[in-house]
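1. sharing a model that was predicted from the sequence below.
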Amino acid sequence: MSDKPLILWFRRDLRLGDQPMLAAAVASGRPLLPVFILDPETEALGAAPKWRLGLAIAAFARSLEGLGARLILRRGPALDVLQALVAETGAGGVWWSRLYDPASVARDTGVKAALKGEGLEARSFAGHLLHEPWEIETGQGGFYRVFTPYWKAARGLEVSAPEAAPRAVRGVEGWPVSDRLEEWRLGAAMNRGGAVVARYQAVGEVAARSRLHAFLDGPVQRYSEMRDFPGVAGTSRLSENLTYGEIGIREVWHAGLRARDEGKAGAESFLRELAWREFSYHLMHHTPHITSGNWKPEWDAFPWRGESAAVERWRQGMTGEPFVDAGLREMYVTGTMHNRVRMIVGSYLTKHLLTHWKLGLDWFADCLTDWDPAANAMGWQWVAGSGPDAAPYFRVFNPAGQAEKFDADARYRRRFIAELSKNPGPEALAYFDAVPRSWGLRPDQAYPKPVVDLAEGRAAALAAYGARNA
């Protein structure tokens, strides 16, 4: 077998354990050159995910150093960078873990064809999902369009055990020159918000695993009943780590299975939520237009509204609806938003304000540190009604009713909205430190009146959606 070096192109798989590509590379015995490329596709990330990616890269680089290796950083089109590294090191091949969004698929397909055309080994590996999106099929050989039958098909499938992290990595002789991470300025667009959001990140593989264990040692027991209450710590918060591959999905799945076997009541519900993530990738693979256009093309003629003063108030967390505003402010302060609240925030924009879901999708893509291309698209189209497994058009979440049901003591709303308290807490005040100065917002200002009357907004939504479905 060849002893030529292998270039390991890392992307959203920044971990050592449960890492099929790395395990196979170490087992080959060949010299390994780990690399991360800041290519145009990565440059296109929104402010918060790009900033958070920088933290993940730094943590992963430290992990590799502990094994005697280095993470080489290069900037430029992926193929150009990889060809240059092959020329510098005499590498015989490039390996990577697969991604599934349209931009990554187009890039990777081109890279693989070009490298193979030059006689190089170009190999992609699974690792970001439990099952490849094309592996689960209906009885007729097609793809699933509804989650429940997908879950029935997927829940009993075997998931291989995760590989252990390697104890050492054989590096190349004479490491190539690397860019300096700080020179990439991945957090530049966050401005002053980065210092606020940084307090809430659990960065790297060790932190991700600790987060998983903490969840399974406690909250998972009542996950089914408490996961919808944003005022309590009832969820795993692993979305941040899964999106950068700081923990492997197989590790999380098997841990969930063990919790279920131990009789922890909420474990089955937790496994089902992991399958929702899989389902979103299943759909993105088979219908890639879900990320940019209406999944159901018959919605293309729906009279969505575009930019408006109301949309800007929504972005600012100043709609005058506390449950909606609390969710948006949570996102600016912590980098994430509780899943129940995401649905309420999304419903308010698309139904009470009759605004195109794409504006919401793009805003989340700029502000969420746990942004995921498939989950974000699936979530927005589901709540808008234009997507798969969509809520019926007549389902319009009432923010006030949802608050009464899921935040009865107003703990969550007071946590993030300073104007609702005589003595606001640090997180409510931190919102004003995180948002752009150009918004001109202050904690001593009066809380705004509602953008739209809830009953009137619901009636308008039902009329518009009813006409569409007539």
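-> Structure received. The shown structure was predicted, so the numbers you read here are calculated from the model rather than taken from an experiment. Numbering: from 1, shown residues only.
2. how about low-confidence regions in the stretch 251-400 of the chain?
-> 391, 393 (pLDDT under 70).
3. and the next element down the chain from the strand ranked longest in the chain?
-> Taking DSSP state E as the criterion, the chain has its longest strand at strand 32-38. Under the assignment DSSP states H and E, the closest C-terminal helix or strand after strand 32-38 is helix 40-43.
4. now the longest strand of the chain: buried residues?
-> For strand 32-38, burial by neighbour count (16 or more other CB atoms under 10 Å) applies to 32, 33, 34, 35, 36, 37, 38. Every residue, glycine included, has its C-beta placed from N, CA and C.
5. stretch 48-64 now?
-> Buried-residue list, stretch 48-64, by 16+ other CB under 10 Å: 48-61, 63-64.
6. mind checking which of those are in helices?
-> The helices, defined by DSSP state H, take in 48-61, 63-64 from the buried residues of stretch 48-64.
7. count of neighbours near residue 463?
-> If you count neighbours by other CB atoms under 10 Å, residue 463 ends up with 11.
8. phi and psi next, for it.
-> When read as degrees, to the nearest 10, the backbone of residue 463 gives phi -70, psi -50.
9. can you check the pLDDT for it?
-> Confidence at residue 463, expressed as pLDDT, is 91.
10. please tell me how far it sits from residue 44.
-> Separation of residue 463 from residue 44 (CB to CB, to the nearest Å): 38 Å.
11. repeat for residue 342
-> On the measure of CB to CB, residue 342 and residue 44 end up 23 Å apart.
12. swap in residue 125?
-> Residue 125 sits 24 Å away from residue 44, going by CB to CB.
13. these two: which is more packed in?
-> The residue with more neighbours, out of residue 125 and residue 44, is residue 125; 18 against 10, by other CB under 10 Å.
14. need the contact list for the more buried one.
-> 20, 21, 24, 95, 96, 97, 98 (CB atoms under 8 Å, 6 or more residues apart in numbering).
15. what are the phi and psi values for it?
-> Backbone torsions of residue 125, given as degrees, to the nearest 10, read phi -130, psi 150.
16. how about it, nearest residue that isn't a chain neighbour?
-> Leaving out its chain neighbours, the residue that sits closest to residue 125 by CB to CB, 6 or more residues apart in numbering is residue 21, at 4.0 Å.
17. same deal with residue 104?
-> Nearest one to residue 104, counting by CB to CB, 6+ apart, is residue 41 at 6.3 Å.
18. just to revisit the earlier point, so which of the buried residues of stretch 48-64 comes closest to residue 8?
-> Comparing the buried residues of stretch 48-64 against residue 8 with CB to CB places residue 64 closest, at 9.8 Å.
19. surely that closest one meets residue 36?
-> No - judged on CB atoms under 8 Å, residue 64 makes no contact with residue 36 at a distance of 10.4 Å.
20. what touches both of these two?
-> Joint contacts of residue 64 and residue 36 (CB under 8 Å, 6+ apart) are residue 71.
21. separation between the residue nearest to residue 104 and residue 168?
-> From residue 41 across to residue 168, the span is 32 Å (CB to CB).
22. which of the two has more neighbours?
-> A direct count of neighbours by other CB under 10 Å for residue 41 and residue 168 places residue 41 higher, at 18 against 10.
23. which element is residue 95 on?
-> Per DSSP H and E: strand 93-97 holds residue 95.
24. the helices in the stretch 101-250 of the chain, which residues?
-> With DSSP state H, counting those that start in this stretch as the criterion, the stretch 101-250 of the chain has helices at 102-117, 147-154, 181-184, 193-197, 205-216, 223-226, 239-243, 249-261.
25. show me which positions of the fourth one end up buried.
-> The reference is to helix 193-197. Buried-residue list, helix 193-197, by 16+ other CB under 10 Å: 193, 194, 196, 197.
26. can you check stretch 113-129 too?
-> 115, 120, 122, 123, 124, 125, 127, 128, 129.
27. select from those every entry located in strands.
-> Among the buried residues of stretch 113-129, the residues falling in strands (DSSP E) are 122, 123, 124, 125.
28. thinking again about what came up before, quickly compare the helices of the stretch 101-250 of the chain and say which is most buried.
-> Mean neighbour count (mean count of other CB atoms under 10 Å) peaks for helix 239-243 among these, with a mean of 23.
29. now residue 202. Nearest residue, chain neighbours left out?
-> Once flanking residues are discounted, residue 202 sits nearest to residue 211: 5.2 Å by CB to CB, 6+ apart.
30. what's residue 446 in contact with, if anything?
-> Residue 446 makes contact with residue 419, according to CB under 8 Å, 6+ apart.
31. repeat that for residue 406.
-> Neighbours of residue 406 in contact, by CB under 8 Å, 6+ apart: 228, 229, 230, 340.
32. kindly recompute the last result at 6 Å.
-> 228, 229 (CB atoms under 6 Å, 6 or more residues apart in numbering).
33. likewise the one 10 residues further on?
-> Neighbour list for residue 416: 326, 329, 330, 428 [criterion: CB under 6 Å, 6+ apart].
34. which SS class is the first one?
-> Same thing as residue 326. Secondary structure, DSSP: H, G, I helix; E, B strand; the rest coil: residue 326 is helix.
35. what sits up against stretch 377-392?
-> So stretch 377-392 is contacted by 145-147, 280, 283, 290-291, 294-296, 299, 343, 346-347, 350, 357, 360-361, 393 (CB under 6 Å, 6+ apart).
36. now the end-to-end length of it.
-> 18 Å (CA to CA, to the nearest Å).
37. buried sites along that stretch?
-> If you call a residue buried by 16+ other CB under 10 Å, then stretch 377-392 has these buried ones: 377-391.
38. what do you get for stretch 220-238?
-> 220-224, 226-232, 234-238.
39. cool, and stretch 356-366?
-> For stretch 356-366, the neighbour count (16+ other CB under 10 Å) marks 356, 357, 358, 359, 360, 361, 363, 364, 365, 366 as buried.
40. per the record, what domains does this protein have?
-> For the chain, automatic domain parsing gives the domain ranges 6-127, 129-158+193-286, 297-469.
41. quick one: which of those is nearest residue 175?
-> domain 6-127 (5.3 Å).
42. got the end-to-end distance for the closest one?
-> Distance across domain 6-127, first residue to last, is 18 Å (CA to CA).
43. if anything else comes up later, I'll come back, but that's it for now.
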